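Trainee: just coords:
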């Protein structure tokens, strides 16, 4: 089975109103090419799920989707880095639903792994317990967090093969393997598409079983210069 | 000395050798610069690594190695990188010895508010990020904040803003004082140079007791 596809073929499947998970953490480990294509296609009323929001102060990463007014709702642990999103939220143009970051990843993992939810002590006694079931086990209170699923997950890997096996690199792994499990249709954007067998079995971070499509992202050289430029431009690297 | 530097220097003294530590953004980030001699800690970044080091120089950066603020970092020998689920297993599971977090408000019950500034009714920003998990799971929670703002004291009887965790704070460090949170409430343990217990009382809404031996603020 060959899962290698052109990005255009994949983006065609995304419809207005879709729920989409985006891997990455402030743009690091984010599927940048797929985001560009979604902006180009202009699908609207998206519900997007991301651990945190866009990289601060730059037109980059999922920030482009707010700029193009494609977002209806954001589900996240932190919105504050993207001024445009916060402004749209304040004006009532978008909704934001917060979950503690650890709960958000476990909700997604639960959706992908056949669990009915997870119990966590995080958020007990805060606004996070509002409207949620609580269970006491051995004298300790837990919030029941339900599974969180999406129509699509766009994830970013380092290498991928036609079986959909994905290798990650560094801290850019972040939410990618979790989100890969939590969507009906997972698209892995990679720096390099390799032959089957080129990724050693123990280096496979996401087994191909979770992945529907593998697309060519920026090459590793392009990828390097994109982040160097971003960090220099934003004063983080001198 | 500037208030923020005092707070970071004092918070660093709460850490001990060999601990796994998560530092929040802003003032707490600077704590790493002031670790006392002989204290080495393993820093965790909640986006997925243990044992990270300083910002690399231009040319030494790696596009796939950044901290939870999206800034490039370096990995030290012995570092480990992992996905976000593992990272929060470390946090919630009690494997982080101490966390230093910035606070908007704290109160005498050990509550901390640091995630929700009201934008409009029922609308908050910026969100808790990993802070709710950290206060729920870290073995020691050190809250850092300036003692007062333009609108008054931030050491309250009861937090006004939505809280991040209930009764979770162990130590409060401001530029004026250090409080321990005990089962009986706050206890003043240190006072900055030139201030008296009365000065602290007038700058603090919370009730507190005074330790038998209040010592000068440790810098």
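Mentor: It's in. From a predicted model like this one, the values you see are computed outputs, not experimental measurements.
Trainee: Strands of chain A, start to end?
Mentor: A:19-22, A:46-49, A:71-76, A:95-98, A:118-120, A:134-137, A:140-145, A:150-160, A:166-167, A:183-193, A:213-216 (DSSP state E).
Trainee: Give me the contact list for the third one.
Mentor: To tie it back to what came earlier, the one meant is strand A:71-76. With contact meaning C-beta atoms under 8 Å, 6 or more residues apart in numbering or on different chains, strand A:71-76 is reached by A:17, A:44-53, A:65, A:85, A:88-89, A:94-99, A:104, A:148, B:127. Every residue, glycine included, has its C-beta placed from N, CA and C.
Trainee: what is the orientation angle of it with strand A:150-160?
Mentor: Inter-element angle recorded for strand A:71-76 and strand A:150-160: 70 degrees (by axes from the mean of the first three to the mean of the last three C-alpha atoms, to 10 degrees).
Trainee: buried ones in strand A:71-76?
Mentor: Under the neighbour-count criterion of 16 or more other C-beta atoms under 10 Å in any protein chain shown, strand A:71-76 has A:71-76 buried.
Trainee: just the fifth one next, same as before
Mentor: In terms of neighbour count (16+ other C-beta under 10 Å), strand A:118-120 has its buried residues at A:118, A:120.
Trainee: so how far is it from its chain's centroid?
Mentor: From the chain centre to the centre of strand A:118-120 is a distance of 21 Å (C-alpha atoms, centre = their mean, to the nearest Å).
Trainee: got a pLDDT number for residue B:27?
Mentor: In this model, residue B:27 is scored at 89, pLDDT.
Trainee: contacting residues for it?
Mentor: For residue B:27, the contacting residues are B:4, B:7-8, B:102, B:144, by C-beta under 8 Å, 6+ apart.
Trainee: For residue B:86, give me the pLDDT.
Mentor: The model's pLDDT for residue B:86 equals 98.
Trainee: secondary structure class for it?
Mentor: Following DSSP: H, G, I helix; E, B strand; the rest coil, residue B:86 is assigned to helix.
Trainee: what about it, distance to residue A:109?
Mentor: 11 Å (C-beta to C-beta, to the nearest Å).
Trainee: of those two, who's got more company?
Mentor: Remark: of residue B:86 and residue A:109, residue A:109 carries more neighbours, 21 against 17, as counted by other C-beta atoms under 10 Å in any protein chain shown.
Trainee: dump the residue contacts of that one.
Mentor: Residue A:109 touches A:115, A:118, A:178, A:181-182, B:85, counting by C-beta under 8 Å, 6+ apart.
Trainee: What residue, apart from its backbone neighbours, is nearest the closest residue to chain A within chain B spatially?
Mentor: Of all residues in chain B, residue B:126 sits closest to chain A, at 2.3 Å by C-beta to the nearest C-beta. Spatially, and ignoring its direct neighbours in sequence, residue B:126 is nearest to residue A:80 (2.3 Å; C-beta to C-beta, 6 or more residues apart in numbering or on different chains).
Trainee: now residue B:28
Mentor: Leaving aside its sequence neighbours, residue B:28 sits nearest to residue B:100 (C-beta to C-beta, 6+ apart; 4.0 Å).
Trainee: For the one you found, the count of nearby residues, please.
Mentor: 29.
Trainee: Run through the bridge partners of it.
Mentor: With DSSP bridges as the criterion, residue B:100 is bridged to residue B:23, residue B:142.
Trainee: on that earlier part again, looks like the residue nearest to residue B:126 contacts residue B:131 (just checking).
Mentor: No: counting by C-beta atoms under 8 Å, residue A:80 does not reach residue B:131; the two are 12.0 Å apart.
Trainee: rewinding a little: give the contact list for the residue nearest to residue B:126.
Mentor: Contact partners of residue A:80, counting by C-beta under 8 Å, 6+ apart, are A:53, A:86, B:125-127.
Trainee: Looking at the buried residues of strand A:71-76, which two lie furthest apart in space?
Mentor: Spatial extent of the buried residues of strand A:71-76 (C-beta to C-beta) is set by the pair A:72 and A:76 at 13.7 Å.
Trainee: helix, strand or coil for the residue in chain B sticking out farthest from the centre?
Mentor: Distance from the C-alpha centroid of chain B, by C-alpha atoms, centre = their mean, peaks at residue B:59 (31.9 Å). For residue B:59, the secondary-structure state derived from three-state DSSP is coil.
Trainee: Would you quantify the distance from whichever residue of chain A sits closest to chain B to residue A:104?
Mentor: Nearest to chain B, among the residues of chain A, is residue A:80, at 2.3 Å (C-beta to the nearest C-beta). Remark: distance between residue A:80 and residue A:104 (C-beta to C-beta) = 15 Å.
Trainee: How about residue A:79?
Mentor: In this view, residue A:79 and residue A:104 are 13 Å apart by C-beta to C-beta.
Trainee: Those two: which has the busier surroundings?
Mentor: Legend: neighbour count by other C-beta under 10 Å for residue A:79 and residue A:104, higher for residue A:104 (28 against 25).
Trainee: which one is that one nearest to, not counting chain neighbours?
Mentor: Nearest one to residue A:104, counting by C-beta to C-beta, 6+ apart, is residue A:77 at 5.4 Å.
Trainee: what's the nearest residue to residue B:33 if we skip its chain neighbours?
Mentor: residue B:8 (7.2 Å).
Trainee: what distance separates the strand or helix carrying the one you found from the centre of its chain?
Mentor: Per DSSP states H and E, residue B:8 falls inside helix B:3-12. On the basis of C-alpha atoms, centre = their mean, helix B:3-12 sits 10 Å off its chain's mean C-alpha point.
Trainee: Let me see the ranges of the helices in chain A.
Mentor: Counting by DSSP state H, chain A has helices at residues A:7-11, A:32-41, A:63-67, A:83-90, A:101-112, A:176-181, A:220-233.
Trainee: most neighbours, which of the contacts of residue A:109?
Mentor: Neighbour counts for these (other C-beta under 10 Å) peak at residue A:178, which has 28 neighbours.
Trainee: what's near enough to touch that residue?
Mentor: A:105, A:108-109, A:112, B:83-85.
Trainee: can you list the residues you listed in JSON lines and add distance to residue A:162?
Mentor: Converted to JSON lines, those look like this (distance: C-beta to C-beta, whole Å):
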{"residue": "A:105", "distance to residue A:162": "28"}
{"residue": "A:108", "distance to residue A:162": "26"}
{"residue": "A:109", "distance to residue A:162": "26"}
{"residue": "A:112", "distance to residue A:162": "22"}
{"residue": "B:83", "distance to residue A:162": "23"}
{"residue": "B:84", "distance to residue A:162": "27"}
{"residue": "B:85", "distance to residue A:162": "27"}
